[in-house]
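Q: Just need the structure, nothing else, for what follows:
(chains A and B)
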Amino acid sequence: MRRRFALTDSTLGYLLVIPMLLWTIGIVIYPLLSTIRLSFFDQRVVVGEGAYVGLALYRKMLLSREVWDAFVKDLAWTFGSFAVNNTVAMLVALLLWEKFRGANLLRTLVVIPWIVPGVITAIMWRWMLGPTLGVVNQILVRVGLLTKPLLFLASAQQAIPTIVGVNVWTHFGFRALIILAALFGIPEELFDAAKVDGANAFQRFRHITLPGVLPVLAIVALLGAFMTFNNVSTIWLLTAGGPGTATTTLPILIYQKAYLTWRVSEAAVLSVMMAVLLGVVAAIYFKFSPETT
Amino acid sequence: MLYSASAVLMLIVLFPLYWMGITSIKAEPEIYRLQPTFYPHAVSFIHYARLMRASPFVRYFINSTMVACVTVVVALCLSVPAGYSLGRLNYRGRNQIWRMIIVFYLFPGVLLLVPLYVFISKLGLQDNLIALVLVYVSFQAPYCTVLLRSYFLSIPRELEEAAMVDGASRLRTMVSIVLPLAKPGIAAAAIASFIGAWSEFMMASLLMVSRMNKTIPVGLYEAMGTYHIDWGVMTAGAVITTIPVLIFFAVMGRVFVAGLLGGAVKG
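A: Numbers count the residues shown, from 1 in each chain, chains lettered A, B, ... in the order given. From the prediction side, this is the model:
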C-alpha cells in the first residue's frame, strides 16, 4: 500500500521560500540589529564589549565638524552625480530612441561601463587621468585645449567633479536604457495627434515625451541618488577619500572609522543615522508621489 | 547628426577599455612615452608573463572563481524556489514577504559593511573564503529572486494546469515543466550573480587578510597601492579580470538589454 503525501500549494509555497528568507534574515537582519545595538555602546574593538553609553555617541557625532564636512561632501557628490547622470541619461535615451542603423548595437554597447567591475573602472580611469602619463592629459595638451595638464584625482578642487565624471561614465548607459523603455511606452498616437495639431518638436517634447517618462525618470533619479549617497567602493577605489579629505563622503568616513581607526561604535552610529535619514527621505517621496500606491 | 553623436558615444564608452587593452600589450617604454600611441607599435606579452609569475595573481583568480561559482550555485538554490513560490503560489503573508525582499534588494550596502564584518568575525570566519560566499549570496539572492519571480510569472499558467489535470502534483509540475522553460531566466540570474561575486571589492578587502586568500579585485587594488605603479602589469591583470565579464556579456548582452527594455523594442 502506498501512502500519498499530498502537499498543498500553501505548504509548498512556504517550504520553497523559507530557505531564502532564513538566509537573508540571518545574514542581513541579525547584523543590522546588532549594529543598532552597537551604536549605544562605546566599543573600540571588534569583539568584546564596550561600556554602555546610551546616546552619547550620537551626540558626539552630531557635534563633530568632521562628520558635517563628510555630509556636505556627500551631498555635493550626490547632487553633482544626480544632475549630470540624469541629464546625460535622458539625452542618450532620446538618441537611442531614434531609428537608425546601428541603434540596436549601440543600445547594447552603452551598458558595458555598468558591467565592468568597479576595480577595473578605477584602474582604467586612474591610468588615463594621470597628470603626466595619463592619455587624457596628453591628448588635451597636444590638441591645445589645455596649456598644462589637469591634476584630476590628485587635486582637492578637481577631485569631486572627477569622481562624478567617472560615476556618470559608469551609470549613464544603464539609466538611459531604463528611460528608453519608458519612452517606448508612450503611445505613438499622441505624437501623431500633436503633429496634426501643429506642435513643433520642442512642444511635443514638453507636453508628451517629458510627462510620459517622468514617473520612471523620477524613480530612477531617486534610487540613483540613494545609491550615490551610500556609495563607498567607487570613491574608495578612485581616491580612498583623498586627496586629504577632499572626497571623504559620509560612507567613506564610516569605512575609515570602522576599519582604519577601529572606532566601530562611531561607525555604527553614523550608519544608523544614515539609514534613518534615507528612510525619512524615502517616506517623504512615497507620500508625495502620486504614482505609488 | 545622429551618426556623429552615436560615434562620440561609442568612443566614450569603448575607449577606456581599448586603452586598457592596448596598454597591456605594449612594451614598457611605449607605455610611458609622453606622446601616446593609439595602436601598439610593438606587441609584447611580457606584462602577462610577469603577472602570472611574479605575483599571486593565479591564486587570486582561482579564489575568485571558486567563490563566484559557489555563490551562484547557492544563490540559485535559494532563489529559484523562492521565485517560484512568490510568483506562482498563494499563501498568507506572501505579499508581505515579497515586499520585504524588495526592501533587501534596494537596501544600501554600506550600512551592512560594519555589521557584517562584526558578524563574520564573531563566527570566526574572517580570512575564510566561505565568509565571502555567505555574504555574496545574501547580496545576490534578493536580486535573483526578483528576476526569477518575474520570469516564472511570464510562463503561462495553462501549461501547469494542463499537467496538473493529468494528475501531476504541483511540485512535479514545477520541476519537469516550469523549470526547463525558465532556463533563460535562470541563466541570466546565474550570470548576474557570477559577475556580482566576481567584481565585489569592499567586503572582500575587509574579510580576506592573508595573501593567499585574496580575490582578484583586492589583489589588483593593492598592487596599485605601491609607490610606483607598473601599469603594464596592472592593465594585464585588469584585462584578465574583465574577460569573463565581457564573455558573459557577449553571450547574454542582447537578452539582458531586451529584458531592460521590456520587450518593447522598436526600430
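Q: helices or strands up against the helix or strand containing B:Thr173?
A: Using DSSP states H and E, B:Thr173 sits in helix B:170-173. Applying 3 or more C-beta pairs under 8 Å, 6 or more residues apart in numbering or on different chains; DSSP states H and E, one finds that helix B:170-173 makes contact with helix A:9-24, helix B:157-165. The way it works is simple: take the backbone N, C-alpha and C, and place the C-beta from them, glycine included.
Q: Pull out the buried residues from the longest one.
A: It refers to helix A:9-24. A:12-14, A:16-17, A:19-21, A:23-24 (16 or more other C-beta atoms under 10 Å in any protein chain shown).
Q: quick check, it touching chain B?
A: Yes. Against chain B, helix A:9-24 shows contacts by C-beta under 8 Å from any C-beta of the partner chain at A:9-10, A:12-17, A:19-21, A:23-24.
Q: Looking at those, spot the one nearest B:Arg59.
A: A:Trp23 (28.5 Å; C-beta to C-beta).
Q: Tell me where chain B is predicted with low confidence.
A: Scanning chain B for pLDDT under 70 picks out the ranges B:107-108, B:225-227, B:262-267.
Q: centroid residue for it?
A: B:Ile195 (1.4 Å; C-alpha atoms, centre = their mean).
Q: Next, work out how far apart A:Val232 and A:Leu260 are.
A: Look at A:Val232 and A:Leu260: by C-beta to C-beta, to the nearest Å, they are 13 Å apart.
Q: Have a look at the two and say which one is more surrounded.
A: A:Val232 (20 against 10; other C-beta atoms under 10 Å in any protein chain shown).
Q: how about that one, what does it touch?
A: Residues near A:Val232 by C-beta atoms under 8 Å, 6 or more residues apart in numbering or on different chains: A:251-252, A:254-255, B:109-110, B:113, B:202.
Q: Report the mean per-residue pLDDT for stretch A:85-97.
A: Mean pLDDT, stretch A:85-97: 92.
Q: Going by neighbour count, which residues of that stretch are buried?
A: A:85-86, A:88-90, A:92-97.
Q: do stretch A:265-280 as well
A: A:265-275, A:278.
Q: now stretch B:115-124
A: B:115-121.
Q: Helices of chain B, start to end?
A: Taking DSSP state H as the criterion, chain B carries its helices at B:2-25, B:28-31, B:46-54, B:57-88, B:94-106, B:110-122, B:129-153, B:157-165, B:170-173, B:179-181, B:183-199, B:202-207, B:216-225, B:231-260.
Q: which other residues reach the host helix or strand of A:Ala122?
A: Here A:Ala122 sits within helix A:118-128, counting by DSSP H and E. Defining contact as C-beta under 8 Å, 6+ apart, one finds that helix A:118-128 is touched by A:113, A:116, A:133-136, A:153, A:166, A:169-170, A:233-234, A:237-238, B:16-17, B:19-20, B:23, B:199, B:201, B:216-217, B:220-221, B:224, B:231, B:234-235, B:238, B:241-242.
Q: so how far is the following helix or strand past it off the chain centroid?
A: Scanning forward in sequence from helix A:118-128 by DSSP H and E, the next helix or strand is helix A:135-143. Centroid separation for helix A:135-143 versus its chain: 30 Å, with C-alpha atoms, centre = their mean, to the nearest Å.
Q: ditto for stretch A:206-226
A: 16 Å.
Q: ditto for stretch B:150-168
A: For stretch B:150-168 - counting by C-alpha atoms, centre = their mean - the centre lies 31 Å from the chain centre.
Q: One more: stretch A:248-267?
A: With C-alpha atoms, centre = their mean, you get 19 Å for stretch A:248-267.
Q: and what of stretch B:207-226?
A: Counting by C-alpha atoms, centre = their mean, stretch B:207-226 comes out at 18 Å from the chain centroid.
Q: who touches that stretch?
A: A:117-120, A:122-123, A:126, A:237, B:55-57, B:59-61, B:63-64, B:67, B:117, B:120, B:125-129, B:131-132, B:135, B:198-201, B:204-205, B:229-230, B:233-234, B:237-238, B:241.
Q: Can you tell me which of those are buried?
A: A:117-120, A:122-123, A:126, A:237, B:55, B:57, B:59-61, B:63-64, B:67, B:117, B:120, B:125-126, B:129, B:131-132, B:135, B:198-201, B:204-205, B:229-230, B:233-234, B:237-238, B:241.
Q: Report the contact partners of B:Ser138.
A: B:Ser138 neighbours (C-beta under 8 Å, 6+ apart): A:23-24, A:27-28.
Q: And the strands in chain A, which stretches?
A: A:41-42, A:51-52 (DSSP state E).
Q: buried sites along stretch A:135-149?
A: A:135-138, A:149.
Q: quick one: it near chain B?
A: Yes. Using C-beta under 8 Å from any C-beta, stretch A:135-149 comes into contact with chain B via A:135, A:138-139, A:142.
Q: Out of those, give me the two with the largest separation.
A: A:Val135 and A:Arg142 (10.3 Å).
Q: Reformat the residues of helix A:9-24 next to chain B as TSV; add pLDDT.
A: Formatted as TSV, the residues of helix A:9-24 next to chain B follow (pLDDT from 0 to 100):
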residue	pLDDT
A:Asp9	78
A:Ser10	80
A:Leu12	84
A:Gly13	85
A:Tyr14	86
A:Leu15	86
A:Leu16	87
A:Val17	89
A:Pro19	91
A:Met20	89
A:Leu21	87
A:Trp23	88
A:Thr24	83
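Q: can you list these in JSON lines and add distance to B:Gln96?
A: Converted to JSON lines, the residues of helix A:9-24 next to chain B look like this (distance: C-beta to C-beta, whole Å):
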{"residue": "A:Asp9", "distance to B:Gln96": "17"}
{"residue": "A:Ser10", "distance to B:Gln96": "15"}
{"residue": "A:Leu12", "distance to B:Gln96": "18"}
{"residue": "A:Gly13", "distance to B:Gln96": "13"}
{"residue": "A:Tyr14", "distance to B:Gln96": "13"}
{"residue": "A:Leu15", "distance to B:Gln96": "17"}
{"residue": "A:Leu16", "distance to B:Gln96": "16"}
{"residue": "A:Val17", "distance to B:Gln96": "11"}
{"residue": "A:Pro19", "distance to B:Gln96": "18"}
{"residue": "A:Met20", "distance to B:Gln96": "14"}
{"residue": "A:Leu21", "distance to B:Gln96": "11"}
{"residue": "A:Trp23", "distance to B:Gln96": "18"}
{"residue": "A:Thr24", "distance to B:Gln96": "14"}
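Q: Among the residues you listed, which one sits closest to A:Ser64?
A: For those, the nearest to A:Ser64 is A:Thr24 (33.4 Å; C-beta to C-beta).
Q: Check whether the closest one really touches B:Tyr105, as I assumed.
A: No. The pair A:Thr24 and B:Tyr105 fails to qualify as a contact (C-beta atoms under 8 Å) at a distance of 10.0 Å.
Q: and for the two, which residues touch both?
A: B:Pro142.
Q: how deep is B:His47 tucked in, by neighbour count?
A: Going by other C-beta under 10 Å, the residues that sit close to B:His47 add up to 24.
Q: in the stretch 1-150 of chain A, what spans have low per-residue confidence?
A: Where the stretch 1-150 of chain A drops to pLDDT under 70, the residues are A:1-6, A:44-49.
Q: can you list the residues of the stretch 151-267 of chain B near chain A?
A: So the stretch 151-267 of chain B meets chain A at B:169-171, B:195, B:198-199, B:201-202, B:206, B:216-217, B:220-221, B:224, B:231, B:234-235, B:238, B:241-242, B:245, B:249, B:253-254, B:256-257, B:260-262, B:264-267 (C-beta under 8 Å from any C-beta).
Q: Name only those of those that count as buried.
A: B:170, B:195, B:198-199, B:201-202, B:206, B:216-217, B:220-221, B:224, B:231, B:234-235, B:238, B:241-242, B:245, B:249, B:253, B:256-257, B:260-261.
Q: So what's the residue count around A:Lys195?
A: 12.
Q: what's the pLDDT at it?
A: 85.
Q: I'd guessed it sits against A:Ile208; true?
A: No. Between A:Lys195 and A:Ile208 there is no contact, the gap being 10.4 Å when judged by C-beta under 8 Å.
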